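Novice: just coords:
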């Protein structure tokens, strides 16, 4: 048997070709058809039900300290979050723009602020929140 160091070296050497093999595999795959099937939905529901019954989430969370979570989140997230946001900006703007436009129209038509905070909540805040929810399709 290989030693851990040999296995690690082999794994590390595979970094040069795994990304292209991964991409080729993804190109051939049909994820959507099986993922949206009734059988898949039943499997998901069964798995979630078992996890809830066994308190799996709670047990796994309890096994990690808050400091461990913070360290792992910073080590994994901080180096990539900026580049991920940068690469998603155009898609974000495309999806956000119609929602924001509808809210801007609503806000522009609101009555002026008054000195009565309840009147401002009812006449300005509530319509604004409703506009956000409606524009996002969550009403």
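Specialist: Yep, that arrived. In this text, all values refer to a predicted model and were calculated from it rather than measured experimentally. Numbers count the residues shown, from 1 in each chain.

Novice: longest helix in this protein, by residue count?
Specialist: Ranked by residue count, the top helix of the chain under DSSP state H comes out as helix 66-108.

Novice: pLDDT on that helix, on average?
Specialist: Helix 66-108 shows a mean pLDDT of 95.

Novice: the following helix or strand past it packs against which elements?
Specialist: Once the chain leaves helix 66-108, the next helix or strand it forms, by DSSP states H and E, is helix 117-120. The criterion is 3 or more C-beta pairs under 8 Å, 6 or more residues apart in numbering; DSSP states H and E, and there are no helices or strands that helix 117-120 contacts. No exception for glycine: its C-beta is placed from N, CA and C like everyone else's.

Novice: buried residues, helix 117-120. List them.
Specialist: Buried residues in helix 117-120, counting neighbours by 16 or more other C-beta atoms under 10 Å, are found at residue 120.

Novice: Three-state assignment for residue 26, please.
Specialist: Here residue 26 is recorded as helix under DSSP: H, G, I helix; E, B strand; the rest coil.

Novice: can you check the pLDDT for it?
Specialist: Predicted confidence (pLDDT) at residue 26: the value is 95.

Novice: shift numbering so it begins at 28
Specialist: Got it, first residue is 28 now, which makes that one residue 53.

Novice: and it, how far from residue 44?
Specialist: Distance from residue 53 to residue 44, counting by C-beta to C-beta, to the nearest Å: 15 Å.
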